[in-house]
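[1] Take a look and give me a structure for this.
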Amino acid sequence: MPGLTANKEAFRILYWQLLLIMGLAVVLFLLQGTRSGLSTLLGGLAYWLPTLAFVWRVFARATARAAKQFLVLFIAGEMFKLVLSAILFICIVKYLPVNLLSVLIGFIGAIIAFWIASLLLLGRHEEVSP
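    Residues are numbered from 1 along each chain as shown. Purely as a prediction, here's the structure:
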């Protein structure tokens, strides 16, 4: 089933993205202390959680939709993800005692981690495919 494979790959990318976010948070924790490490983790989660919701919603319905409907759902999901990410980022910075630079590092790190995980997993997938 192509839909099931895409779903599995999407969640695998999220898994590796979360590991990279946590690794970045640990590095900043060790270099700059607890507040910086926690701020980095929160910044990363501000991007990762909406991405998780996006993948869960879009790929849960991917097998039952035609290509055009999937594209519309994908674009709407991406817009929702971006808005939710922005809201989470603003709430974290405004209401929690965080280091702004570390939150930003975590947020940008989560975006970069998504692309790294995607490239590594999809590149490995292409090597295995005929």
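[2] tally of neighbours for residue 11?
    Residue 11 has 13 neighbours, counted by other C-beta atoms under 10 Å. The C-beta positions use only the backbone N, C-alpha and C, and glycine is treated the same way.
[3] Hmm, it is touching residue 55, no?
    Yes: counting by C-beta atoms under 8 Å, residue 55 is a contact partner of residue 11 at 6.5 Å.
[4] residue nearest the centroid of the chain?
    residue 48 (3.3 Å; C-alpha atoms, centre = their mean).
[5] Remind me which helix or strand that residue belongs to.
    helix 34-60 (DSSP states H and E).
[6] Could you name the helices and strands sitting against that helix?
    On a contact count with 3 or more C-beta pairs under 8 Å, 6 or more residues apart in numbering; DSSP states H and E, helix 34-60 meets helix 2-32, helix 67-95, helix 100-128.
[7] now that helix: mean pLDDT?
    Averaged across helix 34-60, the pLDDT comes to 94.
[8] Ok, stretch 12-19 next?
    94.
[9] for that stretch, which positions count as buried?
    If you call a residue buried by 16 or more other C-beta atoms under 10 Å, then stretch 12-19 has these buried ones: 13, 14, 16, 17, 18.
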